[in-house]
Every structure is written in structure tokens, then in C-alpha cells.
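**Q** Sequence plus predicted model, see below.
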Amino acid sequence: MSGLATVGSRFMRLGSFARVAIILGIGVGAFALLMILRKEPESQEPPRRAPLVVTQPAELRTGNLTIEGSGTVRPMSEISLSPQVAGRISWVSPSFVTGGRFEKGDLLLRIESADYENAVQAAEADVAQREVELLTWEEQRDLAIEEYERFRAREGITAPIDSSEIGGLVFRDPQLRAAEASLRRAEAGLEDARLALSRTRITAPFDGIVRTKNADIGQYVTPGPSLGSLYDTDEVEIVVPLTDGDAALIEGLWSAGTEGGPRIPAEVRAAFGSVQYTWAGYVDRAEGALNPNTRTVDVVVRVQDPFANDGSGRPPLLLGTYATVDIEGRAADDFLVLPRMALRDGSEVYVVEQDSLLSIRSVQVLQEVPGSVMVQGEFETGEPVVVSPMDVVTDGMVVRLAEEAAS
């Protein structure tokens, strides 16, 4: 005890700094001794967990593929209405306004016709005069023939009537041909006058709607300048640009529109307000060259009677409407419709077998659309197809289904 007391007294006689240094030194030494004498912990391999995947059951389908495209509605026929005769417009139909509806044969405008009626009367008088001249020369020819016949009988001439040029002059043949030509010219002039008179009435060439109007009552018009534009309402067209892959899925595309060619159905969809409406259409033709700007095949779809009222409150399919078109493609058997991410490396699909084993299967891609893909392969109805992304994949690896993990 005396030794410890001596050490304690000596320790207390040390300065405060020396005492702190000694205490820290003893602590560090004790910590180093504990680290040297500690036991190493036993190492354990962490449990391996199978990857978690999201699947959807395989639903095999059979039927026609659908090729979707879009385009703007345009008229099948549109003309610029121009007069063929000059004159002042004396009457305009109430239907000849922008957006006005009319039927084939309806009178749209009328040009003052007095001058043309006078021209018809003058032409008729000219024809009557030429007819009289022709009758006069025919009578003179008949008289000349009778005189020649009496001369032959008196002189006992048995030779046939002279057919030489001198004989023709005797029988008034040149004068007769000239009178016939004058009559034909007068009749042609009468036809021209009547035609010009009929053209003072401008009628509708088809059922349609007025797009623009450039003339009104009192305006003097001449042949050439447009009075307005009209478009046909019997049918409208939609040009749908398709890739060559999508165009190849339309069976009989290059025969459409030809005699005996197939009538390929199509459905046109367009929104009016907040409601979407549909119209039945068909593929009329495919244009014979790639679009130089988009390098696509332009397929022309037509809709009949786009302005008809079917009683459902459906609006007309207006020109300029941006429409979506679904074209019936070729038939396919036992194909799957999957999310685009379910297709791996362009030609593979992952399927879970025996509830936990991953199987990599090769498929044939039939069609790709935004967000979805149609494929054919060896599948059974209801098989779980992996639709979630996976980083590392090997054929036969063990996976967990998302539904099982949630439970």
C-alpha cells in the first residue's frame, strides 16, 4: 500500500498536462491491447434472392391485323367555277354562298342573255336563207336535167348523161355543193349561238358545297377568271402515309381500285368537340411512288356520303379534319399482343415456366405499333409472359412473380 501511496503522491505532484498525457497513453495502450486480443467474427454468405418479375397471361388471338394511320380529310373532286361567255351577272342563287349546299344541275348563276338570244335569232335567219338558196339551186338542177332529157328524146340520143366537168356545170353541181356547204356553215353557227346562250346559265356539275365565292349580281365577267370553287360531297379522301412494313400487311393493296380488285375495309375516326365519331371507309388505291419527303407509301382511303345525316347526331366529316384511320390487314392465327418492352433483342420473349423458371423463346414479329407489338411463337394460352425490364438473364434461371412477392 505504501508503494501505491508513493506512486499516487508522485503522480499528484506532476503537472496537469503530464497527468492528462499519462491517462491518454494508458487508454490508447489498453485499446490497442483489446484490438490485438479480439476474436475474428464468423463470415456468412448472404442469402441469394431470385429476381422479381412482372408478368401478364398470354392471350392468343386470331383475326385480321389492324394498320393504324392518320391523315387530313380532303375533297375527292374540287373545281374552280369559271364562265365560258362574257356578260353581266343578272342572278345569283341563294345557295351560291360560302358553305352553301347544292345538287347536281342546280342553277347557280345567270348571265344577261339578251345578246346571245339575238345571236340565236340571227343564226336561225341565216339558216333559213341558206335553205332557200339550196332549194333554188336544187330546182335549177332538176330543170336542167329535164331540159336535157327532152333534148335527148328529140335528137334520139341514147348515150348516158354526161358526167364530165362540163356536164356538171350544165346541171348546176358546183352551185348546189356551194349552197349545201353554206347551209352547213349556217347550221354550225346556229349551234354555236345556242351553245353560247346555254352557257349564260351556270349550273352545278355535281352535288357539293361552295368553298369560295368571287362573284355577285351586277359584276361583269369574262371567260377565264374564277367565280368561286366547289367541292364534291359524294366522297372525301384521306391520304394515310404508311411505312413499307405496314403497307406490306395490307393484303391486295396494289390491286385496290382496279377492276375486279379487292375492297379493303377501313374505319375513320375523328373527334368533334369531346366526342369521337366513326365513319366506314375503304382503301381506294395506293399511290405509285414513295413520298419524296417522308419516304412512305401514301394509301388513299375514301369515305362515301361524309355529309349524310344518319340520325345519330353525328356531324359531317369536314374537310381539313385530322382523322385516324384503321385499315384491315391480312389475317393471322395464334398471335400475341404484348407491351413493346416485352420484346427482347428484337426477336425474343421471356416466359415463366413451372411458376419460377425463366424460358427464353424466339418469336416472329408481325407488327409493331406505338406501345405494343404483335408476335407469333410457341405459346400456350395463359402462360405468364414477362413484361418488366430485367438486367441479367439466363435461360432457366429462377425468378419470383410479382404477385407471389406481394402475398
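**A** Structure received. In this text, all values refer to a predicted model and were calculated from it rather than measured experimentally. Numbering: from 1, shown residues only.
**Q** Neighbours of the closest residue in space to Y282 that isn't next to it in sequence, how many?
**A** Closest residue to Y282 apart from its sequence neighbours, by Cβ to Cβ, 6 or more residues apart in numbering: R263 at 5.3 Å. In short, each C-beta sits where N, CA and C put it, glycine included. Around R263 there are 11 other residues, counting by other Cβ atoms under 10 Å.
**Q** all helices of this protein, in order?
**A** Taking DSSP state H, the helices of the chain run over residues 2-13, 16-37, 114-155, 165-170, 173-198, 244-247, 402-406.
**Q** low-confidence ranges in this structure?
**A** In the predicted model, the chain carries pLDDT under 70 at residues 1-20, 31, 33, 38-48, 151-152, 155-172, 403-407.
**Q** mind giving me the domain ranges of it?
**A** As assigned by automatic domain parsing, the chain contains the domains 2-37, 53-62+333-406, 66-76+232-332, 84-221.
**Q** Deepest-packed of these, please.
**A** domain 66-76+232-332 (a mean of 16; mean count of other Cβ atoms under 10 Å).
**Q** tell me how far the ends of that domain are from each other?
**A** 11 Å (Cα to Cα, to the nearest Å).
**Q** so the residue nearest to the spatial centre of the chain bridges to which residues?
**A** By Cα atoms, centre = their mean, the mean C-alpha position of the chain lies nearest to V239, the distance being 2.2 Å. Counting by DSSP bridges, V239 is bridged to V300.
**Q** Would you enumerate the residues in contact with it?
**A** V239 is in contact with G71, T72, R74, E287, D298, V299, V300, V301, counting by Cβ atoms under 8 Å, 6 or more residues apart in numbering.
**Q** Leaving out sequence neighbours, find the closest residue to the fourth one.
**A** For E287, the nearest residue in space outside its immediate sequence neighbours is D298; the separation is 4.4 Å by Cβ to Cβ, 6+ apart.
**Q** ok, now the second one?
**A** Once its chain neighbours are removed from consideration, T72 has its nearest residue in Y322; the separation is 5.7 Å (Cβ to Cβ, 6+ apart).
**Q** gap between the one you found and L343?
**A** According to Cβ to Cβ, to the nearest Å, Y322 stands 30 Å off from L343.
**Q** What of L290?
**A** With distances taken as Cβ to Cβ, L290 is found 27 Å from L343.
**Q** ditto for P223
**A** 63 Å.
**Q** what's the answer for V398, then?
**A** Applying Cβ to Cβ to V398 and L343 gives a distance of 23 Å.
**Q** again with I238
**A** Relative to L343, and taking Cβ to Cβ, I238 is found at 30 Å.
**Q** got it, and Q367?
**A** 12 Å.
**Q** correct me, but R400 touches P51?
**A** Yes. At 6.9 Å, R400 counts as touching P51 under the criterion of Cβ atoms under 8 Å.
**Q** pull the longest strand from this protein.
**A** Across the chain, the longest stretch assigned as strand under DSSP state E is strand 322-339.
**Q** which other helices and strands contact that one?
**A** The helices and strands touching strand 322-339, judged by 3 or more Cβ pairs under 8 Å, 6 or more residues apart in numbering; DSSP states H and E, are strand 61-75, strand 235-242, strand 265-272, strand 297-304, strand 364-369, strand 372-376.
**Q** Next, the angle strand 297-304 makes with it.
**A** 120 degrees (axes from the mean of the first three to the mean of the last three Cα atoms, to 10 degrees).
**Q** Partner strands of strand 322-339 and their direction?
**A** According to DSSP bridges, strand 322-339 forms sheet pairs with strand 61-75 (antiparallel), strand 265-272 (antiparallel), strand 372-376 (antiparallel).
**Q** S82 - nearest residue in space that isn't next to it in sequence?
**A** S226 (5.6 Å).
**Q** How much space separates the one you found from E259?
**A** In this view, S226 and E259 are 35 Å apart by Cβ to Cβ.
**Q** got the contact list for R400?
**A** Residues in contact with R400 (Cβ under 8 Å, 6+ apart) are R49, A50, P51, L52, V53, S356.
**Q** same thing but at 10 Å, please
**A** By Cβ atoms under 10 Å, 6 or more residues apart in numbering, the contact set of R400 is R49, A50, P51, L52, V53, V352, D355, S356.
**Q** who's in contact with stretch 364-381?
**A** 57-61, 65-68, 243, 245-246, 248-249, 329-330, 332-343, 346-349, 351, 359, 361-363, 385.
**Q** Thanks a lot, see you next time.
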